[in-house]
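Asker: What shape does this take:
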Amino acid sequence: MRKTYQLNIEGKNRDRLLEAAKHDIRKYVKRERNRALPEGVDFWDFDCKFGNSEADAAVVHFATITDLIDTVAKDGGAQFYVEVVTKHGHRTARPRDENAAVENDFDSE
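Answerer: The predicted structure is shown next:
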């Protein structure tokens, strides 16, 4: 999904356009996550970019997109560009931290 959302359209409420853009992004992500996973893939992951326009879009984490949209709206921006591209996700083992293991041990008496 690569799209530029306009926030200032004559005859439309800016807040409703903002919520419609967020809803559109959430709906796309939900649809992509519900697709069947190919063999060897653990989950659907997303490569995301965000900016005022396609030319100045920067790579961001998916979880920060709604906060960035709110920031653009608060600053009075007229538009924003969002790119959310689905990719295969593979789970990796979390490295074991020896300090954490010591903290989690309970003394039994």
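Asker: tell me which element residue 31 falls in.
Answerer: Assigning secondary structure by DSSP states H and E places residue 31 in helix 14-33.
Asker: sorry, that was for residue 96
Answerer: Element membership of residue 96, judged by DSSP H and E, is empty: it is in no helix or strand.
Asker: Could I get the contacting residues of the residue nearest to residue 32 when sequence neighbours are not counted?
Answerer: Setting aside the residues directly before and after it, residue 32 is nearest to residue 86 in space (C-beta to C-beta, 6 or more residues apart in numbering), at 4.8 Å. (Glycine included, C-beta is placed from N, CA and C.) Under the criterion of C-beta atoms under 8 Å, 6 or more residues apart in numbering, the contact partners of residue 86 comprise 32, 44, 45, 46.
Asker: and the helix or strand residue 86 falls within, C-alpha only, in CSV?
Answerer: If you go by DSSP H and E, residue 86 is part of strand 79-89. Extracted as CSV, the C-alpha positions of strand 79-89 are listed here (Å, rounded to 0.1, in the frame of the first residue of the first chain):
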residue,chain,number,x,y,z
GLN,A,79,-1.2,15.7,3.4
PHE,A,80,1.0,12.8,4.4
TYR,A,81,2.4,9.8,2.6
VAL,A,82,2.3,6.2,3.9
GLU,A,83,3.9,3.1,2.5
VAL,A,84,3.2,-0.2,4.1
VAL,A,85,4.6,-3.2,2.2
THR,A,86,4.1,-6.8,3.4
LYS,A,87,7.1,-9.1,3.8
HIS,A,88,7.8,-12.5,5.3
GLY,A,89,8.7,-12.6,9.0
